[in-house]
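1. Sequence plus the predicted model coming up.
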Amino acid sequence: MPLNVPASAAEVDARSKTDVQASLSLFGGNPFLRNSWLGALITAFANRIFDFYFALTQASEEAIPDTAVDLLDRWAAIWGVQRQSGTQAVGTAAVTGTAGILIPKSTLFTAGDGHEYESTADATIAASESLSVSSITRSGQVATLNAAAAFPAGLAANVRITVAGANEVQYNGTFDVASFVDLDTLTYAVAGSPATPATGTITYSFTSAAVPVRSLLFEEEANQLAGAVLTLQSPIAGVDDEVNANPAGLGGGSDQETDEALRSRMLDRIQNPIAHFNVAEITAVAKAVPGVTRVFVFEVTPAVGDVTVYFMRDNDSPAIPDGTEVQAVKDALDEIRPANTATGDLIVAAPTAVPTNYTFTALVPNTASMKAAIQASLVQFYAERTQVGQNVKADAYRSAIFNTVDTVTGDEVTSFTLSTPTGDVAITAGQIGTLGNVTFP
């Protein structure tokens with residue numbers, strides 16, 4: 001039976017004084033009199049009794065896995081689930097300066113947001129070889145250079161490149177990289193109006209050091225976007241003080257697992273008993289990799305004897321895992337792969353994103369706070385309800401919108417009209433629905 005716990009110490013005090021007054025009615029005792037010795041004594045005891053009730057309530061919560069707080073880690077460990085530690089952000093910074101200068105291991109850098117990073121290996125500034133260019137095109141004063149291969153790790157925004165070999169001489173020279181379109185395409189400023197596309201046998205080169213770095217803190221906020229500027233904490237002669245993260249940015253940093261996430265994994269472990277290499281064990285092991293939020297296991301796929309595992313990292317941006325993250329899950333699952341199962345029969349892959357743009361042509365109430373609430377509802381819907389290989393049902397996403405509550409005003413959605421999407425969103429094998437752009441009237 002549930003504990004009948006008083007709502008407050010005042011309730012215990014009032015009940016106790018009422019009982020005492022009833023017992024002393026023949027003697028005229030009144031514990032409700034202000035500043036009475038009897039009343040003070042009862043109040044003191046009532047407060048201590050309520051403390052006992054409070055402790056008893058906490059003890060009852062700690063005795064059950066789904067409500068435990070202080071003993072949550074112990075309960076999780078009993079079920080073989082360990083809290084995920086935070087991880088460091090890692091990546092490569094392009095350091096420029098005089099060729100031949102050494103940037104030693106453990107050199108410290110600071111980002112604009114105050115996060116600190118250290119280099120994890122020695123690196124020396126050096127001139128690259130001349131690298132092939134596939135094409136250069138121009139729009140206005142912006143030249144877009146497409147390289148014949150992915151850029152080396154030492155190339156980042158603001159690094160100077162030397163372009164040579166173009167017949168249109170305005171494309172040639174030394175320029176600061178303005179931006180990256182992708183991992184083999186960059187832009188730089190060009191003077192004049194040279195013909196586009198450029199002609200000739202064109203090459204580019206640069207001088208820098210690709211310095212591997214990692215954050216000092218284990219947290220998600222240590223991640224940095226491509227081109228993020230880091231500053232040397234202690235100047236090095238011949239080295240530019242400001243350096244840039246390369247186009248991949250600094251990533252992989254994550255916070256220590258929250259109580260809510262740990263509890264969810266523990267309850268999932270309790271509710272889905274594990275047998276060796278069954279769906280429950282595969283899911284549990286994959287989710288033990290930091291950052292993994294959802295796992296989709298397809299048995300006998302693509303053939304008899306095979307199993308294909310997809311997963312998502314819904315707290316990251318993007319939520320679709322990259323190659324390094326896929327390999328981390330594959331390595332974890334290989335540790336439990338049966339001895340009679342070939343490594344090639346366990347396929348771990350990132351699902352292919354199918355983004356859907358939402359365009360509202362009418363919304364009531366059409367307020368800024370309601371728009372923000374609907375955006376949040378759709379983000380949550382795609383983080384919880386979508387499945388690999390399953391269509392995104394119109395009834396499901398419309399329900400998510402209709403059930404939105406404006407947390408600022410408390411208003412609910414009265415009506416809305418979408419021009420896109422107009423029905424179910426088709427998803428095929430290996431794909432998963434993701435949220436695209438949301439446009440409001």
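-> Received it, and whenever you're ready, just let me know what you need.
2. and the protein, what are its domains?
-> 9-63, 87-255, 272-349, 352-439 (automatic domain parsing).
3. can you give me the end-to-end distance of the longest one?
-> Start and end residues of domain 87-255 are separated by 7 Å (C-alpha to C-alpha, to the nearest Å).
4. ditto for the first one
-> Taking C-alpha to C-alpha, the span from the opening residue of domain 9-63 to its closing residue is 24 Å.
5. circling back: show me the least confident stretch of the domains of the chain, going by mean pLDDT.
-> Of all the domains of the chain, domain 9-63 carries the lowest average pLDDT, namely a mean of 87.
6. Residue 409 and residue 367 touch, don't they?
-> Yes: between residue 409 and residue 367 there is a contact under C-beta atoms under 8 Å: 7.3 Å. Placement of C-beta: from N, CA and C, glycine included.
7. which ones are touching residue 398?
-> Residues in contact with residue 398 (C-beta atoms under 8 Å, 6 or more residues apart in numbering) are residue 418.
8. still on that earlier bit, if you compare the domains of the chain, which one is most tucked away?
-> Mean neighbour count, computed with mean count of other C-beta atoms under 10 Å, is highest for domain 87-255 among the domains of the chain, reaching a mean of 18.
9. Among the domains of the chain, which comes closest to residue 261?
-> Among the domains of the chain, domain 272-349 comes nearest to residue 261, with 8.2 Å by C-beta to C-beta.
10. got the end-to-end distance for that closest one?
-> End to end - C-alpha to C-alpha - domain 272-349 spans 23 Å.
11. same check, this time on stretch 301-309
-> End-to-end distance for stretch 301-309, by C-alpha to C-alpha: 9 Å.
12. ok so, going back, a markdown table for the domains of the chain, including distance to residue 81?
-> Formatted as a markdown table, these follow (distance: least, C-beta to C-beta, whole Å):
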| stretch | distance to residue 81 |
| --- | --- |
| domain 9-63 | 17 |
| domain 87-255 | 17 |
| domain 272-349 | 8 |
| domain 352-439 | 21 |
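13. Quick check: nearest residue in space to residue 71, chain neighbours excluded?
-> residue 62 (4.7 Å; C-beta to C-beta, 6 or more residues apart in numbering).
14. quick one: the helices in the stretch 51-200 of the chain?
-> 72-78 (DSSP state H, counting those that start in this stretch).
15. likewise the stretch 251-400 of the chain?
-> Remark: helices assigned in the stretch 251-400 of the chain by DSSP H, counting those that start in this stretch are 259-271, 279-287, 323-334, 368-384, 394-402.
16. what would the ones you listed look like in a markdown table with distance to residue 45?
-> A markdown table is the format used below for the helices of the stretch 251-400 of the chain (distance: least, C-beta to C-beta, whole Å):
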| stretch | distance to residue 45 |
| --- | --- |
| helix 259-271 | 35 |
| helix 279-287 | 49 |
| helix 323-334 | 56 |
| helix 368-384 | 48 |
| helix 394-402 | 53 |
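17. I'd like to know which of those is closest to residue 133.
-> With C-beta to C-beta as the criterion, residue 133 lies closest to helix 323-334 of those, at 25.8 Å.
18. which residues touch the closest one?
-> For helix 323-334, the external contacting residues (C-beta under 8 Å, 6+ apart) are 252, 282, 285-286, 288-289, 291-292, 309, 311, 313, 321, 343, 346, 348-350.
19. go with 6 Å
-> Helix 323-334 has contacts (C-beta atoms under 6 Å, 6 or more residues apart in numbering) with 285, 286, 289, 311, 348, 350.
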